[in-house]
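**Student:** sequence unknown, structure follows:
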């Protein structure tokens, strides 16, 4: 027979053993609701029983009372957490609120009969009835799952355990009402001896049931996971073929039969891979992929695109070794992609041929046009000089108009040649220190000379004395922007050209007050052959701005536009100063 301190020491060791066993079994694993609660609950109960052993030491009464208070609080928390965690592991809904309320009431009664009117049998009775209430509540929660076939046998055993434990708690509580040494825990008694024995068997049963509950849930989840994988395997759009380390078929999905109908009848589980394929090359499999030794296949991973005679189609074949030495083969039908690729390749070659012909024609036509235009310009200049000497102003103005028209045609030809050169990537700027202000001023002066009726305001004082750029091609950009500014504004409107420095960049801004550009057209204004919707009635090619942006990009700069419909536009060319 056992004394009370011995009783609590035994219970503490048993509970601690069970807590360690569960903690090791579920080490680092809290995937299911209730696992953490069970581990914490068992730890609380072990700590509570351990503190109860302080009664056996010669300590002051206040220390004993404090130990009893703390120990019973830990025991209450441990029972609530362990019970509800186990119910949650079984898949039922735990009654946390109910059990916390019941245990709080029992603990309040315990405190009263410990501190106010010390009565041992009332404390035992309150906890016994409270525990029985919670155990029966857990039993009822499990009863709601009686129609669930998964884990039914374990739940029945767990329910029986809760009922028996509830009955034993009622018996323990009611037994305290009768005079017996157990009521003061002062002497050994048969009840004290039987209590730890019953508790030990109960804890062992609880441990086995809890571990079994988790094991059943793991098995159920594993079956569900395998079922999901199998379904995904079957509905996959690619063909899969899995063999083990001995070269025997484990599984092949339905798509394999669709892709290779001739081999579908041989693709049975357990069939040798050589028996299924015969000639692996007909299935797009390289012979070295199937090399193996006593550990399994030697191939780590491989893939290629190949025409598969067996399926009469193009396939992307991939293979990968599994951890156990097996092999996974996958075929993806890429016939449509290959056909589309061939069509695109032919179309691309045709487009390249057309583009080459177009560039050749543009270059040839531009060269052929430039020669007669130069002759016309020369003749017009001679006529202008001769008629000026004879004093015939009307004829002089006619010759000047001829020269102006010729210059416009020459600029158009140069623009076309520049666009062709840009497409071929033949424009290579020859950068050198350049007086950008002088380039801008000369361009404006020539434009003013060509268009004497138009007003061009020029302010380049803000530009740096030197910018690293190619003066010839940058001059072409300025000329194009000036020409556009004049073309898309009325004769009475002026054009403003300003030069300044901003964020270590030399900026040339050309502003007109003409038709402007619609907001929806501005993102495309630099695209080749694009014409704004409100400018299609005005003569133009749609390649000038494209060439301008290309030239500025070659210099590492940027060309942008700010415009409002009907209010004009400002084109800004930004060039790095160094």
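**Tutor:** In hand now; what should we look at? Computed from a predicted model, the values in this text were never measured in an experiment. Numbering: from 1, shown residues only.
**Student:** For the rest of this, base every contact and every neighbour count on C-alpha atoms.
**Tutor:** OK.
**Student:** Nearest residue to residue 158 in space, please, no chain neighbours.
**Tutor:** residue 209 (6.5 Å; Cα to Cα, 6 or more residues apart in numbering).
**Student:** next SSE after the helix or strand where that neighbour lies?
**Tutor:** Assigned by DSSP states H and E, residue 209 belongs to helix 190-235. As assigned by DSSP H and E, the chain's next helix or strand after helix 190-235 is strand 239-243.
**Student:** Counting by contacts, list what that next one packs against.
**Tutor:** strand 249-252, helix 254-259, strand 327-333 (3 or more Cα pairs under 8 Å, 6 or more residues apart in numbering; DSSP states H and E).
**Student:** strand partners of that strand, parallel vs antiparallel please.
**Tutor:** strand 249-252 (antiparallel), strand 327-333 (antiparallel) (DSSP bridges).
**Student:** In a markdown table: those, plus mean neighbour count and mean pLDDT.
**Tutor:** A markdown table is the format used below for the strands paired with strand 239-243 (neighbours: other Cα atoms under 10 Å; pLDDT from 0 to 100):
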| stretch | mean neighbour count | mean pLDDT |
| --- | --- | --- |
| strand 249-252 | 20 | 88 |
| strand 327-333 | 21 | 90 |
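**Student:** quick one, phi psi at residue 492?
**Tutor:** Dihedral pair for residue 492: phi -90, psi -10, per degrees, to the nearest 10.
**Student:** One more: residue 246?
**Tutor:** Taking degrees, to the nearest 10 as the convention, residue 246 sits at phi -90, psi 0.
**Student:** Report the beta-bridge partners for the nearest residue to it once chain neighbours are set aside.
**Tutor:** Using Cα to Cα, 6+ apart and skipping the chain neighbours, the partner closest in space to residue 246 is residue 296 (6.4 Å). Per DSSP bridges, the residues bridged to residue 296 are residue 293.
**Student:** Pull up the gap between residue 296 and residue 244, please.
**Tutor:** 8 Å (Cα to Cα, to the nearest Å).
**Student:** Next, show the common contact partners of the two.
**Tutor:** Shared contacts of residue 296 and residue 244, defined by Cα atoms under 8 Å, 6 or more residues apart in numbering, comprise 324, 325, 326.
**Student:** Let's have those in a markdown table, adding pLDDT and neighbour count.
**Tutor:** Converted to a markdown table, the shared contacts of residue 296 and residue 244 look like this (pLDDT from 0 to 100; neighbours: other Cα atoms under 10 Å):
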| residue | pLDDT | neighbour count |
| --- | --- | --- |
| 324 | 88 | 11 |
| 325 | 89 | 21 |
| 326 | 91 | 23 |
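**Student:** pLDDT (mean, whole number) over the helix holding residue 209?
**Tutor:** For helix 190-235, mean pLDDT is 72.
**Student:** Equivalent analysis for stretch 470-477, please.
**Tutor:** Mean predicted lDDT for stretch 470-477 stands at 84.
**Student:** coming back round to it: tell me the contacts of the residue nearest to residue 246?
**Tutor:** 244, 245, 246, 247, 324, 325, 326.
**Student:** looking at the protein, which helix or strand is least sure?
**Tutor:** helix 393-424 (a mean of 63; mean pLDDT, DSSP states H and E).
**Student:** Past it, which element shows up next along the chain?
**Tutor:** strand 432-434.
**Student:** How far does that following strand sit from its chain's centre?
**Tutor:** Taking Cα atoms, centre = their mean, to the nearest Å, one finds strand 432-434 lying 49 Å from the centre of the chain it belongs to.
**Student:** cool, and stretch 299-313?
**Tutor:** With Cα atoms, centre = their mean as the basis, stretch 299-313 stands 31 Å off its chain's centre.
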